[in-house]
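S.K.: Make a model of this:
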Amino acid sequence: MSSEEFAPPKYAQIVQAIRQRIADGTYPPGSLLPSETQLVREFNVSRPTVVRALQVLQLRGTIEREHGKGSFVKAAPPVSEEQNTRPGRAVLDRAEVDENGSPIDAGTVPAPAHVAKLLGLSEQSPVMRRRVLFRESERPIDLVTIWCPAEVAEGTDLGDDEALAVGVRQHLQSAKGIKLQHVAERLSARHPSADEAKLLGLRKTAPVLGVLASVFNGGGRPVLIVDLVLPGDLHELEDAYSL
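M.R.: From the prediction side, this is the model:
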């Protein structure tokens, strides 16, 4: 078994390389990063891979991206909760078309007991379920399932079988005027279900990280449940906080 099987996905390698260059002063605060085209050539990857790496750096507060100008290194700010890396928040801001996301299924189904409880609904109430598999160089790297009350999903594209061009958070705000305010996450280390193992190409005994996130609107009502499954050999979660 080669070490390449356990190498991080390519976008994560780009993130690591850029962060190292920022740390060693190659890219000082305020400097302009190489263009997406230059990064594609340097790392020999696709443009969506570079875009995802830059999105991760932006979400971590490492860079600022300005349309038509490029990506700039930010000065190191004091650590705040808003700048911490949160898996649920990252999922809400991912544009499926830019990150090789393929919808597996999308449609109205009866709410499972645990989803109904988290959404404050009666069991078997109609909910929109959207499942999307993300790949890196054709290898599955994570599986996202989004659950949403049927009346909230009505008038949105969450039930479409086409990849979304913008993140779920932006789409809900533009389509329904729903502003997502905060997320409560629960992280678990476990084995995949039979269905998850099949979709992610994993052994049934392989370790995965499961992130179950409840997403609330401004009125404190849960409007989304995000179930994120991450193969344990491909992902690590990072956080930073003040003491």
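
S.K.: what about residue 170, which helix or strand?
M.R.: helix 168-176 (DSSP states H and E).

S.K.: Please identify the pairing partners of the helix or strand following that helix and their relative orientation?
M.R.: Scanning forward in sequence from helix 168-176 by DSSP H and E, the next helix or strand is strand 180-190. Strand pairing for strand 180-190, using DSSP bridges, gives strand 208-217 (antiparallel).

S.K.: Which helix or strand contains the most centrally placed residue in the chain?
M.R.: With distances taken as Cα atoms, centre = their mean, residue 91 lies nearest the centre of the chain, 2.7 Å away. Using DSSP H and E, residue 91 sits within helix 87-92.

S.K.: What helices and strands are in contact with that helix?
M.R.: helix 47-59, helix 168-176, strand 180-190, strand 208-217, strand 222-231 (3 or more Cβ pairs under 8 Å, 6 or more residues apart in numbering; DSSP states H and E). Every residue, glycine included, has its C-beta placed from N, CA and C.

S.K.: quick one, domains of the chain?
M.R.: Domains of the chain are assigned by automatic domain parsing as 3-77, 87-231.

S.K.: Run the chain-centre distance for the shortest one.
M.R.: Read that as domain 3-77. Chain-centre distance of domain 3-77: 17 Å, with Cα atoms, centre = their mean, to the nearest Å.

S.K.: Strands along the chain, start to end?
M.R.: Under the criterion DSSP state E, strands of the chain are mapped to 63-66, 70-73, 101-110, 126-136, 139-149, 180-190, 208-217, 222-231.

S.K.: and the last one, average pLDDT?
M.R.: Model confidence over strand 222-231 averages 95 on the pLDDT scale.

S.K.: what helices or strands is that strand leaning on?
M.R.: Packed next to strand 222-231, using 3+ Cβ pairs under 8 Å, 6+ apart, are helix 87-92, helix 113-119, strand 139-149, strand 180-190, helix 194-200, strand 208-217.

S.K.: out of those, nearest to residue 44?
M.R.: strand 139-149 (16.2 Å; Cβ to Cβ).

S.K.: and the closest residue to residue 64 other than its chain neighbours, what are its bridge partners?
M.R.: In space, and not counting its chain neighbours, residue 64 is closest to residue 72: 5.0 Å by Cβ to Cβ, 6 or more residues apart in numbering. Assessed by DSSP bridges, residue 72 has beta-bridge partners residue 32, residue 64.

S.K.: how about residue 72, what does it touch?
M.R.: By Cβ atoms under 8 Å, 6 or more residues apart in numbering, the residues touching residue 72 are 30, 31, 32, 33, 63, 64, 65, 66.

S.K.: Specify which member of those residues is nearest to residue 111.
M.R.: residue 65 (37.1 Å).
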